[in-house]
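Asker: starting from these lines, generate the structure:
(chains A and B)
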Amino acid sequence: QSVLTQAPSASGTPGQRVTISCSGSSSNIGSNYVYWYQQLPGTAPKLLIYNNNQRPSGVPDRFSGSKSGTSASLAISGLRSEDEADYYCAAWDDSLSGHVVFGGGTKLTVL
Amino acid sequence: VQVSESGGGLVQSGGSLRLSCAASGFTFTNHAMTWVRQAPGKGLEWVSGITASGDSTYYTDSVKGRFTISRDNSKNTLFLQMNSLRPEDTAIYYCARGGSTSVTPPGFYWGQGTLVTVSS
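Answerer: So this is what the prediction gives:
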């Protein structure tokens, strides 16, 4: 069971806006930055969002991140078929001398 | 920028393996490094991280006392020494660069992964 909680699945149609949520606690999301990753089948994960809402160079602005309290969200607007992938959130956790925690992942299906 | 893992393979339960991650294209001593694993059909699990200088290391609970992360800054190489391996350690192990000198969630640069299989 993951420390950060994500819904196992989400779906949307092309062009739609979808949101993926990540719930944590005061020791992780509540006091540290949230990161989001996209993983296409058979490939290494790719960083989409860091420091809650910052996009690395090359990541389309269709992807956006936000955080409120102990929860965070990844929004994808103008959904495309190539966005079908697994999405993971992560954060530093201050408990137990410090470590990184991941969410269980959300499988996004583009209908 | 490139990071590339090696050293995976098949090992019996209780055995050991040493993973390596060769880094290039950036100033290795400016970045923390991290190991993340993914069991077959499962999600991502952070395993361990080390600061840029190597003076601080961090581990997930399930590998504490069995795995040791280290780095050779003179050779731009990250290591993960894995002892007392268990079948549940079977996974693809990814090396990833951090965004700063402190350990944080992995940054933009990941390796392609190396498969570790532990047989019972």
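Asker: and chain B, which residues reach chain A?
Answerer: Listed as neighbours of chain A in chain B under the rule C-beta under 8 Å from any C-beta of the partner chain: B:34, B:36, B:43-46, B:49, B:58-61, B:94, B:99, B:103-108, B:110-113. Using the backbone N, CA and C atoms, a C-beta is placed for each residue, glycine as well.
Asker: the residue lying farthest from the centre of chain A: what secondary structure?
Answerer: Among the C-alpha atoms of chain A, the one most distant from their mean position (C-alpha atoms, centre = their mean) is that of A:S97, at 24.2 Å. Counting by DSSP: H, G, I helix; E, B strand; the rest coil, the backbone at A:S97 sits in coil.
Asker: show me the beta-bridge partners of residue 12.
Answerer: Just going to use chain A. Listed beta-bridge partners, A:G12: A:V110 (assigned using DSSP bridges).
Asker: try again with chain B
Answerer: In this structure, B:Q12 bridges to B:S119 when assessed by DSSP bridges.
Asker: and it, what pLDDT?
Answerer: pLDDT, the model's per-residue confidence, is 98 for B:Q12.
Asker: okay but it is in contact with B:V118, surely?
Answerer: Yes. Counting by C-beta atoms under 8 Å, B:Q12 does reach B:V118; the two are 7.3 Å apart.
Asker: now B:G14. Nearest residue, chain neighbours left out?
Answerer: Taking C-beta to C-beta, 6 or more residues apart in numbering or on different chains as the measure, B:G14 lies nearest to B:S84, with 6.1 Å between them; neighbours along the chain are not counted.
Asker: circling back: just the buried residues out of the residues of chain B next to chain A, in ChimeraX syntax.
Answerer: With 16 or more other C-beta atoms under 10 Å in any protein chain shown as the burial test, the buried ones among these are selected in ChimeraX as follows:
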select /B:34,36,43,44,45,46,49,58,59,60,94,99,103,104,105,106,107,108,110,111,113
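Asker: buried ones in stretch B:14-24, by neighbour count?
Answerer: For stretch B:14-24, burial by neighbour count (16+ other C-beta under 10 Å) applies to B:L17, B:L19, B:S20, B:C21, B:A22, B:A23.
Asker: ok, now stretch A:24-42?
Answerer: Using 16+ other C-beta under 10 Å as the test for burial, stretch A:24-42 gives A:24-25, A:27-29, A:32-39.
Asker: for chain A, what spans make up the strands?
Answerer: Listed in chain order, the strands found in chain A under DSSP state E are A:9-12, A:18-23, A:34-39, A:46-49, A:63-68, A:71-76, A:85-93, A:99-102, A:106-110.
Asker: now do the buried residues in the first one.
Answerer: Neighbour-count burial for strand A:9-12, with 16+ other C-beta under 10 Å as criterion, is recorded at A:A10, A:G12.
Asker: cool, and the second one?
Answerer: Taking 16+ other C-beta under 10 Å as the basis for neighbour counts, the residues of strand A:18-23 that come out buried are A:V18, A:I20, A:C22, A:S23.
Asker: what are the bridge partners for the third one, then?
Answerer: Which is A:C22. When assigned by DSSP bridges, A:C22 has beta-bridge partners A:A72.
Asker: for A:S2, see how far away it is.
Answerer: As for A:C22, its distance to A:S2 is 10 Å (criterion: C-beta to C-beta, to the nearest Å).
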